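Chemist: got a predicted structure here, sequence first:
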Amino acid sequence: MIACTNRLKHFFGFLLLATLLVAAGSIRAEQGYTFAVVPQFEQRKLYAIWKPIVDEVAKRSGIRLKLVATLTVQEFERELAKGSFDFTYTNPYQILRESKHQGYIPLLRDNVPLTGILVVARDSPVRSVAELNGKTLAVPSPNSLGASLLLRADLEQIHQVRMKMLNVNTHSSVYLNVANGLADAGGGVQKTLAEQDDNIRNALRIIYTTRNMPSHPVSAHPRVPKHVRGALRKALLDMVTTAGGRALLAEVPMTQPVAASIDDYLPMQEWGLEKYWVEKAR
């Protein structure tokens, strides 16, 4: 009788634990997950591009998602370092750094490489990188990968050119500042330059291009259950099978999404970029 009673206690204890775990999962599912995007564009444009994508992913996967957009890259980096976001779209070096702390897990990326660029105004007399020594460089954030970290590393290590940084918070602001003569040059990436209005693109000239890098990953915090991570990745990958889905992703732009892992980004550890990372920007 005692043995039977003990077995019943263990059974009901296990049943209670299972019920609590299911309830906890249900609560999390009801609350949904955050999906944060690094502010490459001003907030209205970012929402216009990403809200339809996040809504479509939620519809396809059955995951409740809330789009989160910070005003500045610095604010985004601070929250990323705290692990505030469940899912996130970041630059590659941000996710590489946080893999050692929060452990964000890359899920997918665009197969088209990321390239940093240095732009000047189309009517600028500057024709070579050497002419920019000591001049002003507008950047979207000191810690932007192609637009600042790798670009500055190339300028100093390859061309012996040092420039004065002007942080203007977004890629769009970089191009506006250069086009309007408020900065001698600006750092950006091919993808964000392609997203600018024709009048801005036509007012700029690219005078330097960095080496290729793997593109921005969509990543998940390790607290997100594996099956949820898988469902979100599948939904994004499946979007390219329809014309409407391809059109939405093209706005990022992400034209060739493929599965990703942290291994894709490990080679960047050898690029010496840590020297240019600005801790106070976090």
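Modeler: All right, it came through fine. Numbering: from 1, shown residues only.
Chemist: ranges for the strands of the stretch 151-282 of the chain?
Modeler: Taking DSSP state E, counting those that start in this stretch as the criterion, the stretch 151-282 of the chain contains strands spanning 164-167, 185-189, 204-213, 217-220, 257-259.
Chemist: buried deepest among those, which one?
Modeler: Across the strands of the stretch 151-282 of the chain, the average number of neighbours (mean count of other CB atoms under 10 Å) peaks for strand 185-189, which reaches a mean of 29. In this view, the C-beta of every residue, glycine as well, is placed from N, C-alpha and C.
Chemist: what mean pLDDT does it have?
Modeler: Over the span of strand 185-189, the pLDDT mean works out to 96.
Chemist: cool, and stretch 208-218?
Modeler: Confidence over stretch 208-218 (mean pLDDT, whole number) is 93.
Chemist: please apply the same query to stretch 110-130.
Modeler: Model confidence over stretch 110-130 averages 95 on the pLDDT scale.
Chemist: please identify the buried residues of that stretch?
Modeler: Neighbour-count burial for stretch 110-130, with 16 or more other CB atoms under 10 Å as criterion, is recorded at 110, 112, 114-121, 124, 126, 129.
Chemist: what do you get for stretch 237-244?
Modeler: Under the neighbour-count criterion of 16+ other CB under 10 Å, stretch 237-244 has 239, 240 buried.
Chemist: got the end-to-end distance for that stretch?
Modeler: End-to-end distance for stretch 237-244, by CA to CA, to the nearest Å: 13 Å.
Chemist: who's in contact with that stretch?
Modeler: 53, 56-57, 60, 108, 245-246, 248-249, 256-259 (CB atoms under 8 Å, 6 or more residues apart in numbering).
Chemist: which PyMOL command selects the buried ones in those?
Modeler: A single PyMOL command is used to select the members of the contacts of stretch 237-244 judged buried by 16+ other CB under 10 Å:
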select buried, resi 53+56+57+60+108+245+248+249+257
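Chemist: tell me the one among the contacts of stretch 237-244 nearest to residue 168.
Modeler: Checking the contacts of stretch 237-244 against residue 168 with CB to CB, the nearest one is residue 53 at 25.5 Å.
Chemist: phi, psi for the closest one please.
Modeler: Backbone geometry at residue 53, expressed as degrees, to the nearest 10, gives phi -70, psi -50.
Chemist: dump the residue contacts of it.
Modeler: The neighbourhood of residue 53, defined by CB under 8 Å, 6+ apart, consists of 239, 248, 249, 251, 252.
Chemist: just name the closest of those to residue 36, please.
Modeler: residue 252 (14.4 Å).
Chemist: give me the number of residues near the residue nearest to the closest one when sequence neighbours are not counted?
Modeler: Nearest residue to residue 252, sequence neighbours excluded (CB to CB, 6 or more residues apart in numbering): residue 49, at 6.5 Å. Burial of residue 49, expressed as a neighbour count using other CB atoms under 10 Å, amounts to 19.
Chemist: can you check residue 223 too?
Modeler: Count around residue 223 with other CB under 10 Å applied: 11.
Chemist: contacting residues for it?
Modeler: Counting by CB under 8 Å, 6+ apart, residue 223 touches 83, 86.
Chemist: ok, now how distant is it from residue 90?
Modeler: 17 Å (CB to CB, to the nearest Å).
Chemist: ok, now residue 132?
Modeler: Applying CB to CB, one obtains 28 Å for the distance of residue 132 from residue 90.
Chemist: what's the answer for residue 254, then?
Modeler: On the measure of CB to CB, residue 254 and residue 90 end up 13 Å apart.
Chemist: and residue 132 and residue 90? Which one has more around it.
Modeler: When residue 132 and residue 90 are compared for neighbours, residue 90 comes out ahead with 25 against 22, by other CB under 10 Å.
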